[in-house]
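**Q** Give me a model of this one.
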Amino acid sequence: MRWALVKVCVAVTTMVVVAFAVPLGLVIKEMARDRAFSNAEREAAAVAPALSITTDRDQLERVVASAGSDEGMAVHIPASDGAKAVDIGRQRAAGNDIATTRKLGRASTAEVPGGSALLQPVALSSGIAVVEVYVPESEVSNGVGTAWAVLAAVGVALIIGSVAVADRLGVRMVQPAQRLVEGAHELGEGKLGARVPEEGPTELRLAAVAFNSMADQVVQLLANERELAADLSHRLRTPLTVLRLNTASLGDGPAAEQTRAAVAQLEREVDTIIRTAREAKPQTAAIGVGAGCDASEVVRERMDFWSALAEDEGRKVRVAGVDGPVRIPVARADLVAALDALLGNVFRHTPEGTAFAVDVHNGEDAVIVLVSDAGRGIADPEAAMARGRGSGSDGSTGLGLDIVRRLAESTGGDVRIGSSVLGGTEVRIWIQLDGREPLRRGHRGRTVRGRRRGAGVG
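**A** Numbering: from 1, shown residues only. Okay, here's the model as predicted:
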């Protein structure tokens, strides 16, 4: 925008300079020519009185010498009454031009080598004499070059001045616009404290006021949303307390222990939601060096929980890649929530007896967590990834995969859905270790085609 304004000013100033300088230069050239011929007319007029008095050659030569010079002036007196024609000085004009001037009886100019000649007729008793005054080209253009140089310098100075003024105006207009763009980018990146100085031209100032008002409203809406989430979560505590008390009467046994563990996990999740909402910051925060969690440990812990239920339903379970520690820049609670969402989908949307597996691949720049099953697959993986839509089957909303996606994207990774080696669905979580964009070539899973229909995603 700044350079566009400068270009416009330069173009407009150049057109104005050309529109005025070119005609003015031509006027200066014409004035110089008029000045030169006016001087020639004065020299010719100085000889006319002497011609009316005498036609003696010696006397006329002295008059011509005093009025001009032999090189610059000539007098042509016609013959009369037996007297010969008299030519004084150097003749430059052609004879026919002199004859034409004598015949017409008015002054004229003729082109001669090196310049022009002014032919001035003078009436005598014996006829019409012609005074010829030579006007060299150097006298006609005297001072024109200097005047044109001055005009060019003034034009260049005007253009440079317009560039400087346009640049200052451009800075005054562009800087507020740039700050507005930067503020919009910061707000889009989640920096809710981004505000724009309300300065600059009226339109940009009004835009800054509107932007700041919008940012305040966004902050207020998010605060209201967090309060609502905290209030709704807090309301769950009463039924959870009842459930926890009732589980105490279930006695011993795997089912009772699983129920009590699930209720305790649910209480912890509700407490986490309330804390996160009250603290007004995302649960998946930036993880510093050495922070995060051990993916292997979390996978082993969650598989211990889900394996008991899998045994009751006759499902075969396989876990791989969790023998050694695998550090990832993800909060432990976030990884637990993501794994529970995926494993819960397996139990919810595949028949009893369907096998599933969890694999962890530790690379130099990324960690891949694979959750695969032997179910019927997902008909439309893209729809399954859409929050609020899911796969279209009963109880499928897409919220579970949205939790997984946000976890992966918080590290610069992503989530892919494809066909697993077990014959069903494979969800591939790519967790980037250095925060860079994921290396697409390392993804072997496919995201857009599911060859079997019927399985859903919660």
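
**Q** other SSEs contacting the longest helix along the chain?
**A** The residue-count maximum for a helix in the chain (DSSP state H) belongs to helix 2-53. If contacts are counted by 3 or more CB pairs under 8 Å, 6 or more residues apart in numbering; DSSP states H and E, helix 2-53 sits against helix 57-67, strand 73-77, strand 115-124, strand 127-136, helix 137-140, helix 144-188. C-beta: built from backbone N, CA, C; applies to glycine.

**Q** among those, which is nearest residue 368?
**A** helix 144-188 (28.9 Å; CB to CB).

**Q** and the angle for that closest one with helix 2-53?
**A** 170 degrees (axes from the mean of the first three to the mean of the last three CA atoms, to 10 degrees).

**Q** Following the chain onward from helix 144-188, which element is next?
**A** Beyond helix 144-188 in the direction of the C-terminus, DSSP states H and E gives the next helix or strand as helix 202-235.

**Q** any weak-confidence spans in the stretch 351-458 of the chain?
**A** Across the stretch 351-458 of the chain, the ranges flagged by pLDDT under 70 are 386-399, 435-458.

**Q** mind listing the helices for it?
**A** 381-384, 399-409 (DSSP state H, counting those that start in this stretch).

**Q** can those go into JSON lines with extra columns for mean neighbour count and distance to residue 16?
**A** Listed next are the helices of the stretch 351-458 of the chain as JSON lines, based on neighbours: other CB atoms under 10 Å; distance: least, CB to CB, whole Å:
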{"stretch": "helix 381-384", "mean neighbour count": "20", "distance to residue 16": "59"}
{"stretch": "helix 399-409", "mean neighbour count": "20", "distance to residue 16": "56"}
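
**Q** just so I know, which of those helices lies nearest residue 347?
**A** helix 399-409 (11.8 Å).

**Q** what packs against the closest one?
**A** On the basis of 3+ CB pairs under 8 Å, 6+ apart, helix 399-409 makes packing contacts with helix 332-349, strand 414-419, strand 425-432.

**Q** Let me see the mean pLDDT of the first one.
**A** Mean per-residue pLDDT for helix 332-349: 86.

**Q** between the helices of the stretch 351-458 of the chain, which one is nearest to residue 273?
**A** helix 399-409 (12.2 Å).

**Q** List the buried residues of stretch 186-197.
**A** By 16 or more other CB atoms under 10 Å, the buried positions in stretch 186-197 come out as 186-187, 194, 196.

**Q** One more: stretch 146-164?
**A** 147, 151, 155, 158-159, 162-163.

**Q** residues making contact with it?
**A** 6, 9-10, 12-14, 16-18, 21, 24-25, 28 (CB atoms under 8 Å, 6 or more residues apart in numbering).

**Q** Repeat the analysis, applying 7 Å as the threshold.
**A** 6, 9-10, 13-14, 17, 21, 24-25, 28 (CB atoms under 7 Å, 6 or more residues apart in numbering).

**Q** Report the beta-bridge partners for the nearest residue to residue 114 once chain neighbours are set aside.
**A** Of all residues not flanking residue 114 in the chain, residue 136 sits nearest, at 5.8 Å (CB to CB, 6 or more residues apart in numbering). Under the criterion DSSP bridges, residue 136 forms beta bridges with residue 115.

**Q** So for residue 136, what pLDDT did the model give?
**A** The predicted local confidence for residue 136 is 86.

**Q** hang on, isn't it packed against residue 115?
**A** Yes: using CB atoms under 7 Å, residue 136 is in contact with residue 115, at 4.1 Å.

**Q** related to what we said a few turns ago, tell me which of the helices and strands packed on helix 399-409 lies nearest to residue 372.
**A** When the helices and strands packed on helix 399-409 are ranked by proximity to residue 372 (CB to CB), strand 425-432 comes first, at 4.1 Å.

**Q** Summarise which helices and strands the closest one is packed against.
**A** strand 366-373, helix 399-409, strand 414-419 (3 or more CB pairs under 7 Å, 6 or more residues apart in numbering; DSSP states H and E).

**Q** mind putting those in JSON lines, distance to residue 252 included?
**A** Below are the helices and strands packed on strand 425-432 laid out as JSON lines (distance: least, CB to CB, whole Å):
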{"stretch": "strand 366-373", "distance to residue 252": "31"}
{"stretch": "helix 399-409", "distance to residue 252": "32"}
{"stretch": "strand 414-419", "distance to residue 252": "40"}
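
**Q** In three-state terms, label residue 306 for me.
**A** For residue 306, the assignment made with DSSP: H, G, I helix; E, B strand; the rest coil gives helix.

**Q** I'd say it and residue 343 touch.
**A** Yes: using CB under 7 Å, residue 306 makes contact with residue 343 at a distance of 5.0 Å.

**Q** Of these two, which one has the most company?
**A** residue 343 (23 against 20; other CB atoms under 10 Å).

**Q** Quick check: residue 92 touching residue 133?
**A** No: using CB under 7 Å, residue 92 makes no contact with residue 133, being 9.8 Å away.

**Q** Tell me which of the two has more neighbours.
**A** residue 133 (26 against 20).

**Q** Next, work out how far apart the more buried one and residue 103 are.
**A** 19 Å (CB to CB, to the nearest Å).

**Q** For residue 362, which residues are in contact?
**A** Residue 362 touches 321, 326, counting by CB under 7 Å, 6+ apart.

**Q** before we move on, back to that, show me which of the contacts of stretch 146-164 is closest to residue 409.
**A** Set against residue 409, the nearest of those by CB to CB is residue 6 (41.3 Å).

**Q** pLDDT at the closest one, what is it?
**A** 68.

**Q** ok, back up a step: kindly reformat the buried residues of stretch 146-164 as CSV containing pLDDT and distance to residue 236.
**A** Converted to CSV, those look like this (pLDDT from 0 to 100; distance: CB to CB, whole Å):
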residue, pLDDT, distance to residue 236
147, 83, 92
151, 84, 86
155, 83, 79
158, 83, 75
159, 82, 73
162, 80, 69
163, 80, 67
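
**Q** still on that earlier bit, just the helices and strands packed on helix 399-409: most buried one?
**A** For the helices and strands packed on helix 399-409, the largest average neighbour count (mean count of other CB atoms under 10 Å) is found in strand 425-432, namely a mean of 26.

**Q** From the rest of the structure, what touches it?
**A** Outside strand 425-432, the residues touching it (CB under 7 Å, 6+ apart) are 328, 330, 338, 342, 365-373, 375, 377-378, 404, 408, 411-420, 438, 443, 445, 455.

**Q** cutoff 8 Å now
**A** So strand 425-432 is in contact with 295, 328-330, 338, 342, 365-373, 375, 377-378, 401, 404, 407-408, 411-420, 438, 442-443, 445, 450, 455, 457, going by CB under 8 Å, 6+ apart.

**Q** Stretch 366-374 too?
**A** For stretch 366-374, with CB under 8 Å, 6+ apart as the criterion, the contacting residues are 295, 299, 326, 328, 339, 342-343, 346, 350, 354-361, 413, 420-433, 438-439, 442, 455.

**Q** Off-centre distance for that stretch?
**A** 40 Å (CA atoms, centre = their mean, to the nearest Å).

**Q** got it, and stretch 375-386?
**A** 38 Å.

**Q** what sits in contact with each of residue 92 and residue 133?
**A** Contacts common to residue 92 and residue 133, judged by CB under 8 Å, 6+ apart, are residue 117.
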